[in-house]
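Q: using only what follows, build the 3D model:
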Amino acid sequence: ACHLHSLPLLLLKSYGLIGQIRLQTPFPYHPIIDARPSHRIPDLRLSSHPIFDGLNRVVNSVGQIEEIGDSMEHAHVPYVIILLQALEKWREKSSSSNVAAVAPIDDATIDATSAVSLKKPNFPKTMAEKEEFRSIIKSMAKNLNTELNFEEALREAHMVWSDGQISDNVQMVLDRVDEESFYTAAIDSEMKMEVDGDVSILVPNHVLQFQLMVLALKHFLVNNGNYPPLEGNIPDMTSDTARYVVLQEAYKQKAEMDRLEVRGNIVALLEECQRRSHGNNIRITMPSDEEILTFCKNARYLRILETRPYFAEYPNQDPVSAIAKSYANVCSSLNMPNVDAIQSEARDDLLMSTMDPYETDPIQTPLLWWIAIRACDAFYDRHQHYPGKHDQELALEADVNEVYNLMIQIVSSMELANSDFIKEYLLDPNKGKDLAREAVRYDEAEIHTVAAVVGGVASQEAVKLITGQYVPLNDTYVYNGIASTAGVYRF
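A: Modelled structure (predicted):
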């Protein structure tokens, strides 16, 4: 029901000393604008070409740094200006070695974009070139030991050759948003419609608004050399007040110009949507200026999170159970184009996770305990009660044997049986049955300390889903209360 109505779902389980949280993202995905990365790289655009006009004017207003006679003034030139002037000196010095012969090209065959790319100057690329660039910075200083601005320039020199363009995560977002699909979803007002026997699910309004701004970003990138809108903030740096204020104002003005361009793209997209609607209702409205500003400031860190529906796991993990067969019918009736791709990626991730076991005691790796508890769920599907219900020794041992056999079936169904780690710690009968025996011993008990940990983690994830800030856990969180360790896995 949650998947059909595009609602996020958090499933919590406290089973003995093991806790689990399964996040099911809403259809089609959970958009994240304000990801709040732990390390936010300053957006200074030193690697862009050409640098924007406002920054160029600030750099030119300083003149040549070496010609500044006053030591105090020299020691308070912002490192942004030092880096840009050092870059020009490096280009002049290395121009003779970087000039390459270019065959004559017919001007009529070169478009404007190609012409600009041919004129793009070099940046330090090799280790030797980067060291040469740093040497130029050092040569510009009067006294490197006392001038903090030059120390900052050396520390931040990598910003000159850093790409500064969109990341892989942002590219994934751009690839997922298609303009034609957006128009179709934005104009169609039916909650459900049948398409070739499949149920098509309504795209939520907040996702449509996210897609609208992403499409506006796509148009912006085309017109701005694949650089996203400027954030407009500069970090603290050694500088006199006047130059710092002027520099900050230049970045703010450029950021505002970029925001207005993105806003204009949004208006154009909405007008096209209105034109295509032919009088039908449109499910998308103009974002507020604050929403556009937040989007532009975080354009370098956009993310989407997409998990498989919880019911889609069962046919792959326990295909012979009755509940799995019923879920298989549900999966076949829904239009879920990315489920197979997510499953394939998840399988690769799981295989990678088996190569990074819990260091202190590999048997306490949370993945092994997830498999054991999943086998207990499979036991319930077959008997309508969890293992360990009967306390007779023979009955408990029979439950252990059945749970262990189910663990083997689950590992095989998930294509993990060839993992050396799984072979050693689960498929080995002695170690594997110890896991099963401990899971059976729990007898579905809920321990308050484990439940408290699971509830605390789940509440944080719920806040992330509601606010759209930070990146929620990707799929399944498993807490091992025996060793007080945890892991996140994709299934």
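Q: extract the C-alpha set from the strand or helix carrying residue 221 and format it as PDB.
A: Here residue 221 is covered by helix 205-223, with elements defined by DSSP states H and E. Extracted in PDB, the C-alpha atoms of helix 205-223 (Å, rounded to 0.1, in the frame of the first residue of the first chain):
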ATOM      1  CA  ASN A 205       3.900  16.500  -6.300                       C
ATOM      2  CA  HIS A 206       7.100  17.100  -4.300                       C
ATOM      3  CA  VAL A 207       9.000  14.800  -6.700                       C
ATOM      4  CA  LEU A 208       7.500  16.700  -9.700                       C
ATOM      5  CA  GLN A 209       8.700  19.900  -8.300                       C
ATOM      6  CA  PHE A 210      12.200  18.400  -7.700                       C
ATOM      7  CA  GLN A 211      12.200  17.200 -11.400                       C
ATOM      8  CA  LEU A 212      11.100  20.700 -12.600                       C
ATOM      9  CA  MET A 213      14.100  22.300 -10.900                       C
ATOM     10  CA  VAL A 214      16.500  19.500 -12.100                       C
ATOM     11  CA  LEU A 215      15.300  20.100 -15.700                       C
ATOM     12  CA  ALA A 216      16.000  23.800 -15.200                       C
ATOM     13  CA  LEU A 217      19.400  22.900 -14.000                       C
ATOM     14  CA  LYS A 218      20.000  20.800 -17.100                       C
ATOM     15  CA  HIS A 219      19.300  23.800 -19.300                       C
ATOM     16  CA  PHE A 220      21.600  25.900 -17.100                       C
ATOM     17  CA  LEU A 221      24.500  23.400 -17.400                       C
ATOM     18  CA  VAL A 222      24.200  23.500 -21.200                       C
ATOM     19  CA  ASN A 223      24.600  27.200 -21.200                       C
END
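Q: mind telling me what element residue 11 is part of?
A: Using DSSP H and E, the element containing residue 11 is strand 9-15.
Q: just to revisit the earlier point, and the helix or strand following the helix holding residue 221, which residues are buried?
A: Following helix 205-223 in sequence order, the next helix or strand is helix 241-277 (DSSP H and E). Under the neighbour-count criterion of 16 or more other CB atoms under 10 Å, helix 241-277 has 243-244, 246-248, 250-255, 257-259, 261-263, 265-266, 269-270, 273, 277 buried. In short, each C-beta sits where N, CA and C put it, glycine included.
Q: next: stretch 166-178.
A: Neighbour-count burial for stretch 166-178 flags 166, 169-170, 173, 176-177 (criterion: 16+ other CB under 10 Å).
Q: so what does the strand holding residue 11 touch, helix or strand wise?
A: Here strand 9-15 is seen to pack against strand 18-24, helix 366-383, helix 448-467 when contacts are counted using 3 or more CB pairs under 8 Å, 6 or more residues apart in numbering; DSSP states H and E.
Q: export the longest one as PDB, just CAs?
A: It stands for helix 448-467. The C-alpha coordinates for helix 448-467 follow below in PDB (Å, rounded to 0.1, in the frame of the first residue of the first chain):
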ATOM      1  CA  HIS A 448      14.200  -3.200  25.500                       C
ATOM      2  CA  THR A 449      17.900  -2.100  25.100                       C
ATOM      3  CA  VAL A 450      18.000  -3.400  21.500                       C
ATOM      4  CA  ALA A 451      14.500  -1.900  20.800                       C
ATOM      5  CA  ALA A 452      15.800   1.500  22.100                       C
ATOM      6  CA  VAL A 453      18.800   1.500  19.700                       C
ATOM      7  CA  VAL A 454      16.600   0.600  16.800                       C
ATOM      8  CA  GLY A 455      13.900   3.100  17.700                       C
ATOM      9  CA  GLY A 456      16.500   5.900  18.100                       C
ATOM     10  CA  VAL A 457      18.100   5.200  14.700                       C
ATOM     11  CA  ALA A 458      14.700   4.900  13.000                       C
ATOM     12  CA  SER A 459      13.600   8.300  14.400                       C
ATOM     13  CA  GLN A 460      16.600  10.000  12.900                       C
ATOM     14  CA  GLU A 461      15.900   8.400   9.500                       C
ATOM     15  CA  ALA A 462      12.200   9.400   9.700                       C
ATOM     16  CA  VAL A 463      13.300  13.000  10.200                       C
ATOM     17  CA  LYS A 464      15.600  12.800   7.200                       C
ATOM     18  CA  LEU A 465      12.700  11.500   5.100                       C
ATOM     19  CA  ILE A 466      10.200  14.100   6.200                       C
ATOM     20  CA  THR A 467      12.500  17.100   5.900                       C
END
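Q: now the helices for the stretch 351-491 of the chain?
A: Along the stretch 351-491 of the chain, the stretches classed as helices by DSSP state H, counting those that start in this stretch are 366-383, 393-413, 420-425, 429-442, 448-467.
Q: picking that back up, out of the helices and strands packed on strand 9-15, flag the one nearest residue 290.
A: Nearest of the helices and strands packed on strand 9-15 to residue 290, taken as CB to CB: helix 448-467 at 14.7 Å.
Q: tell me the mean pLDDT over that closest one?
A: In this model, helix 448-467 has an average pLDDT of 96.
Q: still on that earlier bit, gap between the strand holding residue 11 and the chain center?
A: Distance of strand 9-15 from its chain centroid, counting by CA atoms, centre = their mean, to the nearest Å, is 24 Å.
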